[in-house]
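Trainee: fold the following and give me the result.
(one chain, ligands or ions: 1)
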Amino acid sequence: MQKKIFLVIAAIGLAITTLKAQSYNVVIKGGHVMDPKNNIDTEMDIAIKDGKIALVAKSIDPKLGLQVVDAKGLYVTPGLIDIHTHNFYGTEPDHQYENGNLALPPDGFTFRNGVTTVVDAGSSGWRTFPTFKAQTIDQSQTRVLAFINIVGEGMRGGYEQNSNDMDAKMAALVARRYRNFVVGFKVAHYEGHEWIAVDHAVEAGNMAGGLPVMIDFGGSNPPLSIEELFRKHLRPGDIFTHCFGQLDNREYIVDLATQKIKPFVWEARKRGIYFDVGYGGISFAFSQAIPAIKDGFSPNSISTDIHTGSMNNAMKDMLTTMSKFLNIGMDLYEVIRVSTSNPAKEIKHEELGTLSVGSDGDVAILSVRKGKFGLFDYTGFKIAADKKLECEMTIRAGKIVYDLNGIAVPIVPPRISTKIIASTK
Ligand SMILES: [Zn+2]
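Mentor: Purely as a prediction, here's the structure:
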């Protein structure tokens with residue numbers, strides 16, 4: 001009898017030891033960790049448990065992980081944050097980016113790029129946001145947040161010109177009601193030669209308790225002054241997207257005669273205006289970006305403005321966009337900063353874009369491929385590039401959701417139907 005009891009106790013003990021032996025879901029070994037928020041830029045191991053970052057240390061015993069990832073020679077960064085995307089995809093004819101076929105389902109384009117959070121930039125408006133939430137946000141493994149359009153309908157083609165549909169109060173109400181998902185307000189493509197769209201958006205931002213606005217400035221002819229925009233209309237913390245665009249109907253930030261950033265742009269940055277890439281179809285030109293970087297003016301955030309047009313044009317995806325900055329003079333650590341902790345700060349979600357212990361287990365594992373690459377912009381201008389970022393693995397809320405070369409042991413292919421509940425505060 002005593003022997004039996006002893007055996008039972010021994011069995012329980014063994015079970016507990018086995019459980020303890022694998023106290024993490026994932027252990028990432030030997031990678032070069034870049035976590036600018038925590039000033040980490042060195043080789044470290046990372047352990048993830050129950051969807052959260054559990055430990056960052058010089059060496060973590062691989063036996064403690066149910067899955068072990070060999071990240072030797074690779075860079076381990078926080079999951080990337082793309083704050084200018086178009087994801088309100090749908091089937092309504094002629095709806096463009098609002099419930100239409102120019103927008104993209106996030107999961108198809110994020111994880112293969114190390115992106116774990118996207119912020120839809122005004123595709124939905126205060127009127128159409130609930131539909132966007134139900135059909136995209138709630139159905140995606142990617143964390144999807146939104147700037148809602150100051151125009152109620154959102155980016156439904158010509159509707160963006162309808163100033164009667166711009167309503168600061170309604171926009172603020174919707175933002176408050178969906179505070180876990182709405183991070184600010186968007187002005188897009190307004191062609192009128194007055195400030196009504198910008199001012200309504202800023203008013204909504206104030207009414208919603210200090211949320212930022214993202215300005216996609218464009219369309220009026222002659223163009224409205226961006227100096228006036230920065231000085232008189234925007235607040236510190238507001239975001240100027242398409243910052244390296246060079247179009248006739250938009251004033252640009254680099255003076256082509258001097259090849260320098262215009263003085264009032266430096267002033268705006270000092271005041272706290274953020275400059276976001278928002279690459280898009282025709283909103284990024286090397287003729288702006290190269291002299292800007294040379295002049296010491298890096299973007300505050302890199303974002304894609306991804307839609308069916310830009311992804312098949314020069315932009316392609318987040319990592320191609322980041323690779324362009326890597327090849328025109330920004331170092332990798334800074335490129336990672338402006339794709340993780342910086343955008344998190346801009347959208348006031350500083351719990352994201354970091355590998356701090358306790359934060360959501362969102363991780364990108366990237367390689368820098370060396371070779372000969374051609375990177376061009378929409379004008380056809382091409383730079384000779386010798387390095388290119390590639391995504392080896394993406395982990396979202398502690399689960400491996402993309403593994404390019406099977407670097408996890410054991411390999412557990414993600415199940416297609418597995419849904420991660422959006423875990424925003
Ligand atoms: Zn856009």
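Trainee: when you work out contacts or count neighbours from here on, use the C-alpha atoms and nothing else.
Mentor: Will do.
Trainee: can you pull out the strands in the stretch 251-400 of the chain?
Mentor: 254-255, 260-261, 274-275, 363-376, 382-396, 399-403 (DSSP state E, counting those that start in this stretch).
Trainee: nope, the stretch 101-250 of the chain is what I meant
Mentor: For the stretch 101-250 of the chain, strands defined by DSSP E, counting those that start in this stretch occupy the ranges 115-125, 143-149, 182-188, 213-216, 239-240.
Trainee: at the geometric centre of this protein, which residue sits there?
Mentor: Closest residue to the average C-alpha location of the chain: D82 at 1.6 Å, with CA atoms, centre = their mean.
Trainee: contacts only, for the nearest residue to L404 once chain neighbours are set aside.
Mentor: Nearest residue to L404 in three dimensions, chain neighbours excluded: E392, at 5.0 Å (CA to CA, 6 or more residues apart in numbering). Shown in contact with E392 (CA atoms under 8 Å, 6 or more residues apart in numbering): A364, I365, L366, S367, Y402, D403, L404, N405.
Trainee: ok, now with 6 Å
Mentor: Contact partners of E392, counting by CA atoms under 6 Å, 6 or more residues apart in numbering, are I365, L366, D403, L404.
Trainee: you'd agree the first one is up against V76?
Mentor: What it means is I365. Yes - judged on CA atoms under 6 Å, I365 makes contact with V76 at a distance of 4.5 Å.
Trainee: distance of Y274 relative to N300?
Mentor: Distance, Y274 to N300, by CA to CA, to the nearest Å: 6 Å.
Trainee: repeat for N25
Mentor: Applying CA to CA to N25 and N300 gives a distance of 34 Å.
Trainee: for G158, same thing?
Mentor: Applying CA to CA to G158 and N300 gives a distance of 30 Å.
Trainee: with neighbour numbers in mind, choose between those two.
Mentor: N300 (24 against 11; other CA atoms under 10 Å).
Trainee: mind listing what the closest residue in space to the more buried one that isn't next to it in sequence touches?
Mentor: Closest residue to N300 apart from its sequence neighbours, by CA to CA, 6+ apart: F275 at 5.3 Å. Residues in contact with F275 (CA under 6 Å, 6+ apart) are I239, F240, C243, P299, N300.
Trainee: so what pairs up with F275 in the strands?
Mentor: Counting by DSSP bridges, F275 is bridged to F240.
Trainee: give me the pLDDT for it.
Mentor: The per-residue pLDDT reported for F275 equals 98.
Trainee: likewise the one 5 residues further on?
Mentor: Looking at G280, its pLDDT reads 95.
Trainee: give me the number of residues near it?
Mentor: Neighbours around G280, by other CA under 10 Å: 26.
Trainee: so what's it up against?
Mentor: Counted by CA under 6 Å, 6+ apart, G280 has contacts T304, D305, S310.
Trainee: repeat that with 8 Å
Mentor: H242, T304, D305, I306, H307, S310, M315.
Trainee: now it: closest residue in space, sequence neighbours ignored.
Mentor: Nearest to G280 is D305, by CA to CA, 6+ apart, at 4.5 Å.
Trainee: the one you found and L366, how far apart?
Mentor: 21 Å.
Trainee: looking at those two now, which is surrounded by more residues?
Mentor: Taking neighbours as other CA under 10 Å, D305 and L366 compare with D305 leading, 28 against 23.
Trainee: was I right to think the more buried one contacts H84?
Mentor: Yes - at 4.8 Å, D305 counts as touching H84 under the criterion of CA atoms under 8 Å.
Trainee: hey, what's in contact with both of the two?
Mentor: A121, G278.
Trainee: re the thing from before, contacts only, for the residue nearest to G280.
Mentor: Applying CA under 8 Å, 6+ apart, the residues near D305 are H84, T85, H86, A121, G278, Y279, G280, G281.
Trainee: so of those, which ones are in helices?
Mentor: Assignment to helices by DSSP state H places none of the contacts of D305 there.
Trainee: neighbour-wise, which of those residues leads?
Mentor: Going by other CA under 10 Å, A121 tops these with 34 neighbours.
Trainee: for that one, name its beta-bridge partners.
Mentor: F147.
Trainee: I'd guessed it sits against A146; true?
Mentor: Yes - the criterion here is CA under 8 Å, and A121 meets it with A146 at 6.2 Å.
Trainee: ok, G329 - contacts?
Mentor: G329 makes contacts with I293, K294, as judged by CA under 8 Å, 6+ apart.
Trainee: state the distance from it to V144.
Mentor: Applying CA to CA to G329 and V144 gives a distance of 31 Å.
Trainee: before we move on, what about L102?
Mentor: Counting by CA to CA, the gap from L102 to V144 is 17 Å.
Trainee: could you check which of the two has the larger neighbour count?
Mentor: V144 (26 against 21).
Trainee: verify the stated contact: the more buried one with V118.
Mentor: Yes - here V144 reaches V118: they are 5.1 Å apart, a contact under CA under 8 Å.
Trainee: who touches both of these two?
Mentor: Counting by CA under 8 Å, 6+ apart, the residues touching both V144 and V118 are P106.
Trainee: which residues sit in contact with the nearest residue to I282 once chain neighbours are set aside?
Mentor: Counting by CA to CA, 6+ apart, I282 lies nearest to Y378, which is 5.9 Å off, once chain neighbours are set aside. Listed by CA under 8 Å, 6+ apart, the contact set of Y378 reads G281, I282, F284, A285, N313, A314.
Trainee: so can I have CSV of those residues showing distance to A172?
Mentor: Compiled in CSV, those are given as follows (distance: CA to CA, whole Å):
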residue, distance to A172
G281, 30
I282, 31
F284, 31
A285, 34
N313, 35
A314, 35
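Trainee: farthest pair in the residues you listed?
Mentor: A285 and N313 (12.8 Å; CA to CA).
Trainee: neighbour count: those two, which is higher?
Mentor: Set side by side, A285 and N313 show more neighbours around A285, with 21 against 16, by other CA under 10 Å.
Trainee: check the gap between that one and K388 for me.
Mentor: A285 sits 19 Å away from K388, taking CA to CA as the criterion.
Trainee: next: R143.
Mentor: According to CA to CA, R143 stands 25 Å off from K388.
Trainee: try F381
Mentor: 18 Å.
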